[in-house]
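Asks: Build me a structure from this.
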Amino acid sequence: MFVGLLIRSPMSPSRLTVLALLLALPGAAPQSARAGAASESYFWKHIRIGGGGFVTGIVFHPGVTNLIYCKTDTGGAYRWNEAGSVWEPLLDWFSGAMGVEGLAVDPADGDMLYLSVGEGYGAADRSVVLVSTNRGLTFATYTLPFRVGANDEGRSNGPRMVVDPNYPSLLFYAAHSGLFKSADRGQTWMPVTSFPVTTTTNGVGPNFVQFVQESGSSGTPTPVVFVGVSQAGSNLYRSVDGGTTWSAVSTRAAGGSMMPHRAAQDGLGYMYITFCDAPGPSGVNTGAVLKLNLTSLEARVVTPPTGQGGFAGVSVSREEPYEVAVSTMDRWYPHDVIYLSANGGLTWRDTTTGAKIDDSSEPWAAWHSSDPGPGSWTGDCEIDPFDRDRLMYITGGGIYGTRNLRASSGRVYQTMSTGIEEMGAGSLLSPSSGPLLYTFFWDIGSFALYDLDVSPPDTNYFDPVGCSNTSGDCADAAPWILARLGCCLTNYGAYSTNYGKTWTAFGSCPPAAATNCAGAMAVSANGTCFMWTPWHDDQYASADHGVTWTKSLGGTTNHQGYPAVADRGVDSTFYIYDASNGRFLVSRNGGRSFSVNNSSLLRWGRPPATVFGRAGDIWIPSGNGLCHSTNFGADWTGILPGDDVTAIGFGKAAPGAGYPAIYITAQLAGDGAHDVYRSNDCGISWTRINDDQHRWGIISELCGDPRTYGTVYLGCRCYGNLCGIPVTNTLAWGIFWSGFGPERAGAGSNATIRGP
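Replies: Reported below is the predicted structural model:
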């Protein structure tokens, strides 16, 4: 049995915590040695989907051809590779929430790059600025004295962080809590106390900075600076003395309910400002565009044809400063539009209606954009400073672009998200046959992946597409049977009996599912029984593939514990880990009823995982190591006491090993970061398989490959999915990806078979 010493923590008198005294009793597996002493070289690569989340800004460097960056709300930042037409991730090394709010370049130095990172979700989420002197190859990290909210409302407003073009060591930052500046290239920051606004009712605060380069000269701070504020009324301020004093600039011409979104200058003494009646990206109903004379401060309305929604992105051609592009925001009817003016805003033409939308590089995105629509949440658009026919714009699902912006006909907008992976994984499953991987994503839907190198075709995109899927599971012994939950599914769930090629909607759903369309799904080992745990509710069982659901007897009430999970070795058996009360429950009748199999487990562990093909074999990761049971949860052994283990998964056993390979993400090295480890001997010894340059923000899902030893799949929080393959395997098979060798034969009719 498992023995843990429970005492009251003096730091939290009302909560029982587990100390690092996990004892293996006679007959139990021995505790493992401390991990981290060994390491193994792995090859890591993003699993190819493309896009899938909100890209919140694009920056073309004004002085270097094809040097382009983009930032996302939760999935890091990227640099464009022109030769490969692919975005290269810059923050694979980062550990923690990796949304990027501010992205700034030095106009005078193509090597300098600044990123502000943080999503504002509590003390564990750092707000930092990352400073690179080599275009993002390496970064120095500095703590910020203000909160960064990369995933907040208004996240496509900007630019928030800007380098003074005349005095590059000086940066201004329009933060949620006021205006800040750095005089030492981002290392330290101080509030600009003279700025009159430190907060706004919508929480967005000041939202863009514009230095007027022509007002100064190189080598001294630029005197004229404009700062926008996300509020109606007084929402634009100017300083003529480098930020010492400020005065309000009237924007009444835009309308009394409007607030600025973005701004761009033409170099001829004018600045274009877009306005919406909300910060976006949702809830925008109307908007306007102003053209401001930077000397007289006269504001003239140059709004393109109006419709439902506001105006967000704005860009001026550096080759021809009378050419201006503006994007709409939340124009759902009929679709968002990229407008282009050739005469400084006097007249506009729609460049998207009638244009061809080419989604061939990311086929899944066809649902997200349709001819003639360009996508949604088009919060930024940018004209290439070296090619006025090239424009890129952002959406809630990635980046689109055109290379014939000014064409009178035949214009093509293409998906340009290759390399960007920003899907939030609800579940990852590597089945024993069929596709290499099932992926269940929030926001965009789910896929069966047969080739991890290409964005999956529509035939492997689960119908209905574009549906936020909260969970999915497949039968271990019959992996062609799978079930998933999704907000746009009939009765919020469906099942498939042919590897996801076709789906049948559930006949009903638990009452709680109808109120929040969410929860977790578990499928029994042979696929005869399903279990559904709606968020904050009890558990429900179905023996008829979702036609009817019955509330489980003896389960946890109002979801006190984690969702039910299926045993992978014997059918009709499910488990519930009641983490709040230290109990482990088992059902052997398809989830109709549960009984307590152990009532002295540690509290506050993490969701349990079961081992494929092995009846009664269960693991629980926790902040105090691992707990392992081989008898359906009756007795437990402690492993890695004192270490923080956040996720666990299982793959094919190593050659000659008698137990599947175990993969975990854990904080074992003592540097505060969570790394990836593998054990080939049931937890006795561990090998680190990532390195300091590959940490990928926050790893939320993990599963091994049951058909290929050494291959592991990681699902990162809103940063896409990755596949890891031992370098030794890669060299042995002589391929770029993984050990897709003879073991893959018979993997399914659509599988990609690659020999040695």
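Asks: Flag the shaky bits of this protein, pLDDT-wise.
Replies: 1-37, 121-125, 368-375, 558-561, 728-756 (pLDDT under 70).
Asks: Now do the domain split for it, please.
Replies: What automatic domain parsing lists as the domains of the chain is 2-42+423-744, 50-415.
Asks: Break down the stretch 1-150 of the chain into its helices, ranges please.
Replies: Counting by DSSP state H, counting those that start in this stretch, no segments of the stretch 1-150 of the chain form helices.
Asks: which residues in it form strands?
Replies: Assigned by DSSP state E, counting those that start in this stretch, the strands in the stretch 1-150 of the chain fall at 2-3, 6-9, 12-18, 23-24, 38-39, 42-46, 55-60, 68-72, 77-81, 86-89, 100-106, 109-117, 128-132, 140-143.
Asks: quick one: the nearest residue to W93 once chain neighbours are set aside and T347, what's the gap?
Replies: Spatially, and ignoring its direct neighbours in sequence, W93 is nearest to Q693 (4.6 Å; C-beta to C-beta, 6 or more residues apart in numbering). C-beta here means a position set from N, CA and C on the backbone, and glycine is covered the same way. From Q693 across to T347, the span is 51 Å (C-beta to C-beta, to the nearest Å).
Asks: more neighbours, those two?
Replies: Using other C-beta atoms under 10 Å as the criterion, Q693 and T347 rank with T347 on top: 13 against 10.
Asks: which one is the more buried one nearest to, not counting chain neighbours?
Replies: S341 is the one closest to T347 (C-beta to C-beta, 6+ apart), at 6.3 Å.
Asks: residue contacts, that neighbour?
Replies: Neighbour list for S341: 302, 304, 322-326, 347-349 [criterion: C-beta atoms under 8 Å, 6 or more residues apart in numbering].
Asks: Just the ones of these in strands?
Replies: 324-326, 349 (DSSP state E).
Asks: which of the residues you listed are buried?
Replies: Among the ones in strands among the contacts of S341, those classed as buried by 16 or more other C-beta atoms under 10 Å are 324-326.
Asks: ok, which stretches of the stretch 501-650 of the chain are helices?
Replies: Using DSSP H, counting those that start in this stretch, the helices of the stretch 501-650 of the chain run over 513-516.
Asks: The residue nearest to T556 when sequence neighbours are not counted bridge partners, please.
Replies: Leaving aside its chain neighbours, T556 sits nearest to D578 (5.2 Å; criterion: C-beta to C-beta, 6+ apart). D578 forms beta bridges with R583, as assigned by DSSP bridges.
Asks: Based on its surroundings, how many neighbours for D578?
Replies: 20.
Asks: wait, doesn't it sit right on N597?
Replies: No: with contact defined as C-beta atoms under 8 Å, D578 and N597 do not form a contacting pair (10.9 Å).
Asks: and for these two, which residues touch both?
Replies: In contact with both D578 and N597: 584-585, using C-beta under 8 Å, 6+ apart.
Asks: Identify, from the contacts of S341, the entry nearest to N207.
Replies: Of all the contacts of S341, N207 sits closest to V326, with 17.2 Å by C-beta to C-beta.
Asks: and the closest one, what does it touch?
Replies: Counting by C-beta under 8 Å, 6+ apart, V326 has contacts 272, 274, 289, 304, 311, 313-314, 338-339, 341, 348, 381.
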